[in-house]
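# Take this sequence and fold it.
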Amino acid sequence: MDIGTKIKRLRENKNISQAVLATQLGIAQNTLGLIESGDTKKIDFLLMDKICKIFEVDFNYFIDEVKYKQINKPIATGYLAETLNIKPSEKLIEQFNHIINEKTLLIVELKNIIEHQKELLIKFEAI
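This next block holds a predicted model:
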């Protein structure tokens with residue numbers, strides 16, 4: 001489901017007209033209509049922040065594969081509140097571990113270079 005459809009669904013569930021929501025957001029009603037119909041994909045972060053605050057939803061609600069999550073509310077009223085348990089894949093974990101190991105080896109190499117440079121500096125100063 002795209003962002004516009006989600007905004008429309010939230011608006012309709014709260015029984016807010018397009019005109020009222022557009023006014024609250026500081027945009028023209030036809031702009032909101034274009035967003036809800038999916039005819040425009042350009043929605044800036046400030047507008048999305050206002051939408052999240054008005055409907056008390058987390059920004060992640062609008063990202064694909066993430067379901068509605070109400071924020072700052074102990075009870076979900078009128079909506080199904082879900083918490084997702086997303087586990088990273090084994091391959092992703094393996095890739096991160098590989099990167100960490102590479103960086104650890106690089107740090108050790110850099111420490112050795114620094115020590116060698118210090119030794120050379122001490123020898124040079126002794127001359």
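# And for Lys8, the neighbour number?
Number of residues near Lys8 (other CB atoms under 10 Å) recorded here: 20. No exception for glycine: its C-beta is placed from N, CA and C like everyone else's.
# quick one: buried residues of the helix or strand containing Arg11?
According to DSSP states H and E, Arg11 maps onto helix 3-13. By neighbour count on 16 or more other CB atoms under 10 Å, the buried set for helix 3-13 is 3-4, 6-8, 10-11.
# now stretch 16-26
18, 21-22, 25.
# Against which helices or strands is the longest helix along the chain packed?
Criterion DSSP state H: the longest helix present in the chain is helix 90-126. On a contact count with 3 or more CB pairs under 8 Å, 6 or more residues apart in numbering; DSSP states H and E, helix 90-126 meets no helix or strand.
# buried set for it?
Per 16+ other CB under 10 Å, helix 90-126 contains no buried residues.
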